[in-house]
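Student: 3D model of this:
(2 chains)
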Amino acid sequence: MKSLLRLTVVEMKLYLREPMATFFTLLYAPALLFLFGFIYGNEPTPFFGGRGFIDSQLPAYMALVIVTVGLMSVPISTASDRENGILKRFHSTPASPAIYLFANIFTYYIMSLMGVTLLFLVGRFIFHAQFEGNIFSILAGFTICALSFFSFGYMIASLAPTARTALAAGMILAFPMMFLSGAAIPLEVLGDKVTNISKYLPLTYVVRLMKGLWVGNSWAAHWLNLIIILGLLVTGAIISTLTFKWE
Amino acid sequence: MSETIVQVENLYKYYRKIKAVDDISFKIYKGEIFGLVGPNGAGKTTAIECIEGLRKPDSGSLKVMDLNPTTNGRTLRNSIGIQLQESQLPGRLKVWEAISLFSSFYKKNTESTPLLKELGLEEKKGSYFDKLSGGQKQRLFITLALLNDPDLIFLDELTTGLDPQARRATWNLITGIRERGKTIFLTTHFMEEAEILCDRVAIMDNGKIIALDTPKNLIRNISIETRLMFSATDSPELNALDNIKSISKYEKSGDNIIVYGHDKRMVKDVVNFLVNRNIDFYDLQTEQVTLEDVFLALTGKEIRN
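Tutor: Numbers count the residues shown, from 1 in each chain, chains lettered A, B, ... in the order given. All right, here's what the predicted structure looks like:
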């Protein structure tokens, strides 16, 4: 227990000591929201179903936080810890390997939660975003989506032979997904072609679920999105458990 | 010698078709510094990692502090200290954070402040790992290997990449640790290091142990010609060197004379010869046989990588 706690504290400090990780996790989405909010404002328009740009896009930006942490932070830091022999160094102590995983997953979770909270505060207090859902519901939705993408990230880390390939794979998957799933730019703006492509991207379902829960939809209305997200969670967990290497 | 602390019997480890460790057996006794030496790729790291329980051997029996490392690795690692070859810590981890974190992994902890002082890292407590020099990193890894006050310490290629000065400082640390009654198992490809540090040495090549003894015995038992060099004013009397039985041959060029022989008495015989005949000589030196020569004699190749 003591070692889990210390490792978690260490992992959080290490996370915050990486300027890139800190920026992309905590500041990127709130900065985008601030920028676009400044340009478009939050006036209700029929284009966003009678809501403003911020009301509509804030929950989608949560998916942006999830995908950056899941497909960039997780695979890059896990694969480079392995490549640098850090995992092996932990492995050569009596500590259980589970401690490393728990501490890291918890750190990634807390960091993304902080990013999402900042996003919420910027939307709420600067642009008076309308939140019509239930706070526990959206927290639960966020947790499932985050864990699902972390699991995806661990799968990349497990399958990638080197830290470089993990980085490349994470980027190649993350960037197109950010822009084609409605996370960074509303699908309404991007047209039918992109909307069709978006159906093949797992992040789209995160965007749909978060947007739905934000406006107060029931979980039942999103069963398909939920199944796809849980499917990714399970697949990632199984593949990474089977293929994870300590060195 | 005393109690056995590590027992290795017929250890095999293959990587596909490569026999990394090919049937090795040896024992390590409590309180000694035991060295596994050999060139890079000889199988030393594979062997030590099987014994630490980090790798699963293909066959053979292992017993470390009365435990089977393959099945009881985590229990075993509570009472041993491990320094890995080419390991790193997160670059942005501070020295004190690493100490506090690794301490929490063990049931038993030793006081870390005196340890840091002894290893000369006291002033580096607040430094990031990636700001440490090679020698400091290595000393930090030794510190981490000692945090649980282990009775048995594994050091894999401890001084690789260190400059000669840092290497010597590390040797002093190792002998200091042994003086506290610890047993040390180290691997190295520096023959000089093995000769200076180890009580007993197992020479490994191509996955096999080809010799195992004290460095002194290894050197004594090997049949290598010693060279004795000196200068003396040329005199016909020197030709009588031929009559000394312990000499196999000698070469003379001007004032410089080189004498070859297998016999230990050769030096004494030559000096007596020179003194008895009143021949002035100077710059007398013998060429020391080292473990390098032993390796060369045993394998027919140089150890240098």
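Student: tell me which parts of chain A are close to chain B?
Tutor: Within chain A, the positions adjacent to chain B are A:2-3, A:5-7, A:10, A:13-14, A:17-18, A:81, A:84-86, A:88-96 by Cβ under 8 Å from any Cβ of the partner chain. The C-beta positions use only the backbone N, C-alpha and C, and glycine is treated the same way.
Student: please convert the buried members of these into PyMOL selection syntax.
Tutor: Selection of the buried residues among the residues of chain A next to chain B in PyMOL, burial being defined by 16 or more other Cβ atoms under 10 Å in any protein chain shown:
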select buried, chain A and resi 3+6+7+10+14+18+81+84+85+86+88+89+90+91+92+93+94+95
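Student: so which of the residues of chain A next to chain B sit within helices?
Tutor: Counting by DSSP state H, the members of these that fall within helices are A:2-3, A:5-7, A:10, A:13-14, A:81, A:86, A:88-91.
Student: quickly find the element holding residue B:251.
Tutor: According to DSSP states H and E, residue B:251 maps onto strand B:249-253.
Student: what's the average pLDDT for that strand?
Tutor: For strand B:249-253, the mean pLDDT works out to 86.
Student: note down every partner strand of that strand and its orientation.
Tutor: Next to strand B:249-253 in the sheet, as set by DSSP bridges, lie strand B:256-261 (antiparallel).
Student: which among the ones in helices among the residues of chain A next to chain B gets closest to residue B:210?
Tutor: Residue B:210 has its nearest neighbour among those in residue A:88, at 28.9 Å by Cβ to Cβ.
Student: what about the most centrally placed residue in chain A, distance to chain B?
Tutor: With distances taken as Cα atoms, centre = their mean, residue A:66 lies nearest the centre of chain A, 0.8 Å away. Counting by Cβ to the nearest Cβ, to the nearest Å, the separation of residue A:66 from chain B is 24 Å.
Student: for that residue, phi and psi?
Tutor: Dihedral pair for residue A:66: phi -60, psi -40, per degrees, to the nearest 10.
Student: wait, doesn't it sit right on residue A:146?
Tutor: Yes: at 5.1 Å, residue A:66 counts as touching residue A:146 under the criterion of Cβ atoms under 8 Å.
Student: mutual contacts of these two, please.
Tutor: Contact criterion Cβ atoms under 8 Å, 6 or more residues apart in numbering or on different chains; residues shared by residue A:66 and residue A:146: residue A:112.
Student: up against chain A, what does the stretch 51-200 of chain B have?
Tutor: Selection of the stretch 51-200 of chain B residues close to chain A by Cβ under 8 Å from any Cβ yields B:52, B:54, B:74-75, B:77-78, B:82, B:84, B:86-90, B:92-93, B:97, B:100-102, B:104-107, B:144.
Student: just the buried subset of those, written out for PyMOL, thanks.
Tutor: The following PyMOL line selects those of these that are buried, judged by 16+ other Cβ under 10 Å:
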select buried, chain B and resi 52+54+77+82+84+87+88+89+90+92+93+97+101+102+104+105+106+144
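Student: dump the residue contacts of residue A:121.
Tutor: By Cβ under 8 Å, 6+ apart, the neighbours of residue A:121 are residue A:30.
Student: got the angle for the helix or strand it falls within vs helix A:2-16?
Tutor: With elements taken from DSSP H and E, the one containing residue A:121 is helix A:97-127. Comparing the axes of helix A:97-127 and helix A:2-16 via axes from the mean of the first three to the mean of the last three Cα atoms, to 10 degrees yields an angle of 40 degrees.
Student: name all residues that make contact with the residue of chain A most remote from its centre.
Tutor: Residue distances from the centre of chain A (Cα atoms, centre = their mean) peak at residue A:94, which lies 32.0 Å from the mean C-alpha position. Shown in contact with residue A:94 (Cβ under 8 Å, 6+ apart): B:74, B:75, B:77, B:78, B:105, B:106, B:107.
Student: farthest pair in those?
Tutor: B:75 and B:105 (13.1 Å).
Student: so which residue of the stretch 151-300 of chain B comes closest to chain A?
Tutor: residue B:154 (8.8 Å; Cβ to the nearest Cβ).
Student: so which strand or helix has that residue?
Tutor: strand B:152-156.
Student: so which residues make contact with the helix or strand following that strand?
Tutor: Using DSSP H and E, the helix or strand that follows strand B:152-156 in sequence is helix B:164-179. For helix B:164-179, contacts defined as Cβ under 8 Å, 6+ apart pick out B:31-33, B:118-119, B:133-135, B:138-139, B:142, B:146, B:153, B:155, B:158-159, B:162, B:184, B:186, B:190, B:193, B:196-197.
Student: the helix holding residue A:121 - what's its average pLDDT?
Tutor: 95.
Student: list the buried residues of it.
Tutor: For helix A:97-127, burial by neighbour count (16+ other Cβ under 10 Å) applies to A:99-100, A:103-105, A:107-109, A:111-113, A:115-116, A:118-120, A:122-123, A:127.
Student: tell me the SS of residue B:25?
Tutor: Under DSSP: H, G, I helix; E, B strand; the rest coil, residue B:25 falls in the strand class.
Student: the strands in chain A, which residues?
Tutor: With DSSP state E, there are no strands along chain A.
Student: so where's it shaky on pLDDT?
Tutor: By pLDDT under 70, chain A has no low-scoring segment.
Student: and for residue 129, the neighbour number?
Tutor: Using chain A here. Using other Cβ atoms under 10 Å in any protein chain shown, residue A:129 has 25 other residues around it.
Student: not quite, I wanted chain B
Tutor: Per other Cβ under 10 Å, the neighbour tally for residue B:129 reads 20.
Student: mind pulling up the pLDDT for it?
Tutor: Residue B:129 is assigned 96 on the pLDDT scale.
Student: find the nearest non-adjacent residue to it, please.
Tutor: Distance criterion Cβ to Cβ, 6 or more residues apart in numbering or on different chains; nearest residue to residue B:129, sequence neighbours excluded, is residue B:89 at 4.5 Å.
Student: I'd say that neighbour and residue A:90 touch.
Tutor: No: look at residue B:89 against residue A:90 with Cβ under 8 Å: they stay out of range, at 9.7 Å.
Student: mind listing what residue B:70 touches?
Tutor: Residue B:70 touches B:50, B:53, B:56, B:57, B:62, counting by Cβ under 8 Å, 6+ apart.
Student: hmm, I was thinking of residue A:170
Tutor: Counted by Cβ under 8 Å, 6+ apart, residue A:170 has contacts A:71, A:72, A:74, A:75, A:76, A:153, A:156.
Student: quick check: the gap between it and residue A:24.
Tutor: 12 Å (Cβ to Cβ, to the nearest Å).
Student: those strands in the stretch 101-250 of chain B, which residues are they?
Tutor: Counting by DSSP state E, counting those that start in this stretch, the segments of the stretch 101-250 of chain B that form strands are B:152-156, B:183-188, B:200-205, B:208-213, B:226-232, B:249-253.
Student: for the second one, packing partners?
Tutor: Counting by 3 or more Cβ pairs under 8 Å, 6 or more residues apart in numbering or on different chains; DSSP states H and E, the packing neighbours recorded for strand B:183-188 are strand B:4-15, strand B:18-29, strand B:33-37, helix B:44-52, strand B:152-156, helix B:164-179.
Student: mean confidence for the longest one?
Tutor: In this case it means helix B:164-179. Here the average pLDDT along helix B:164-179 is 89.
Student: with only the CA atoms kept, save it in CSV.
Tutor: Coordinates of the C-alpha atoms in helix B:164-179 are reproduced here as CSV (Å, rounded to 0.1, in the frame of the first residue of the first chain):
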residue,chain,number,x,y,z
PRO,B,164,39.3,4.7,-14.6
GLN,B,165,39.1,7.0,-11.6
ALA,B,166,35.4,6.3,-11.0
ARG,B,167,36.0,2.6,-11.6
ARG,B,168,38.7,2.5,-8.8
ALA,B,169,36.3,4.4,-6.5
THR,B,170,33.7,1.8,-7.2
TRP,B,171,36.1,-1.0,-6.4
ASN,B,172,36.7,0.6,-3.0
LEU,B,173,33.0,0.7,-2.3
ILE,B,174,32.6,-3.0,-3.2
THR,B,175,35.3,-4.1,-0.9
GLY,B,176,33.8,-1.9,1.8
ILE,B,177,30.5,-3.7,1.3
ARG,B,178,32.1,-7.1,1.6
GLU,B,179,33.8,-6.0,4.8
